[in-house]
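Engineer: let me see the structure of the following:
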Amino acid sequence: MVECSLDLRRGGFHLRVACRFASPWTVLFGPSGSGKSTLLRVLAGLDRDGKTQITVDTKEMAKLPPGARNIGLVAQQPALFPHLGVAANVGYGLRRMDRSAQAERVRQMLALVDGAHLVSRRVADLSGGEAQRIALARALAPMPRVLLLDEPFSALDGKASDALIARLQPWLREQRVQVILATHDATDAFLTGAEVVLLHEGKIAAQGAAHEVLREERERIIRGVGSQA
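Structural biologist: Next comes the predicted model:
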């Protein structure tokens, strides 16, 4: 379980959030500029200004550096290391494991994200969607307690994104990895059966089940599907 209390200013933007993430999957939903990415960066330890209190399973995180939090982050831009190949990127956080164990973990993570065929590729040769898969595999390889996803499937089409989420969910549940996914696509919330935190101008406007918090979005999606039939 993740609990946080944040008070952070960035120019004219003010993020004021106090919430508890207890669901295996939580979706942060809201338009661009609502604070989704900023919230994830603070949880990951990449933005440490302002007043913050963060606990994961009652362990205080706010004063810990990013590498000590056991929290993985996958951003919309993959930010892979260009001088390393795919396998080295995925295995980057596994330095304490011996080589054979590293190789096996890399193989497992690439298979999980449907990227086994990319193992020998250079980063420069990857498409946007392939790079996002590799970034996801890299974040998963150290087996984080919490996985933060900031619209990480934006370069994949709808069917590929849905298939990847469906592939990940059972494994993440089995490994007890809690997921917080930032998105502006309500379909992600309904697909995962997630709890939804609705952000608006840096504040939480609502929190609860997807069918309650995103009722209007659901109706809009249904109307859109009906008009295409």
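Engineer: switch to C-alpha atoms for all contacts and neighbour counts from now on
Structural biologist: Will do.
Engineer: check contacts around Gly129.
Structural biologist: Phe153, Ser154, Ala155, Leu156 (CA atoms under 8 Å, 6 or more residues apart in numbering).
Engineer: distance check, it against Arg48.
Structural biologist: 30 Å (CA to CA, to the nearest Å).
Engineer: now Ala68
Structural biologist: Using CA to CA, Ala68 is found at 14 Å from Arg48.
Engineer: more neighbours: those two, which one.
Structural biologist: A side-by-side neighbour count of Ala68 and Arg48, using other CA atoms under 10 Å, places Arg48 first with 17 against 11.
Engineer: what are the phi and psi values for the more buried one?
Structural biologist: In terms of degrees, to the nearest 10, the main-chain angles of Arg48 are phi -120, psi 20.
Engineer: tell me which element Arg41 falls in.
Structural biologist: Taking DSSP states H and E as the criterion, the element that holds Arg41 is helix 36-44.
Engineer: mind checking how far the strand or helix carrying Val106 is from the chain centre?
Structural biologist: Val106 is part of helix 99-112, with elements assigned from DSSP H and E. Relative to its chain's centre, helix 99-112 lies at 21 Å (CA atoms, centre = their mean, to the nearest Å).
Engineer: which is the next helix or strand following the helix holding Arg41?
Structural biologist: Using DSSP H and E, the helix or strand that follows helix 36-44 towards the C-terminus is strand 51-56.
Engineer: what strands line up against that next one, and which way round?
Structural biologist: strand 2-10 (antiparallel), strand 59-60 (antiparallel) (DSSP bridges).
Engineer: now it: buried residues?
Structural biologist: Thr52, Gln53, Ile54, Thr55, Val56 (16 or more other CA atoms under 10 Å).
Engineer: re earlier: any chance of the strands paired with strand 51-56 in TSV, plus mean pLDDT and mean neighbour count?
Structural biologist: Formatted as TSV, the strands paired with strand 51-56 follow (pLDDT from 0 to 100; neighbours: other CA atoms under 10 Å):
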stretch	mean pLDDT	mean neighbour count
strand 2-10	93	17
strand 59-60	93	13
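Engineer: right, so of the ones you listed, which gets closest to Val123?
Structural biologist: Nearest of the strands paired with strand 51-56 to Val123, taken as CA to CA: strand 2-10 at 32.9 Å.
Engineer: please export the C-alpha coordinates of that closest one as CSV.
Structural biologist: The C-alpha coordinates for strand 2-10 follow below in CSV (Å, rounded to 0.1, in the frame of the first residue of the first chain):
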residue,chain,number,x,y,z
VAL,A,2,1.2,3.5,-0.9
GLU,A,3,0.3,6.5,1.1
CYS,A,4,1.3,10.0,0.3
SER,A,5,0.9,13.7,1.2
LEU,A,6,2.4,16.1,-1.3
ASP,A,7,2.5,19.9,-1.5
LEU,A,8,4.5,21.1,-4.4
ARG,A,9,4.6,24.2,-6.5
ARG,A,10,6.0,24.5,-10.0
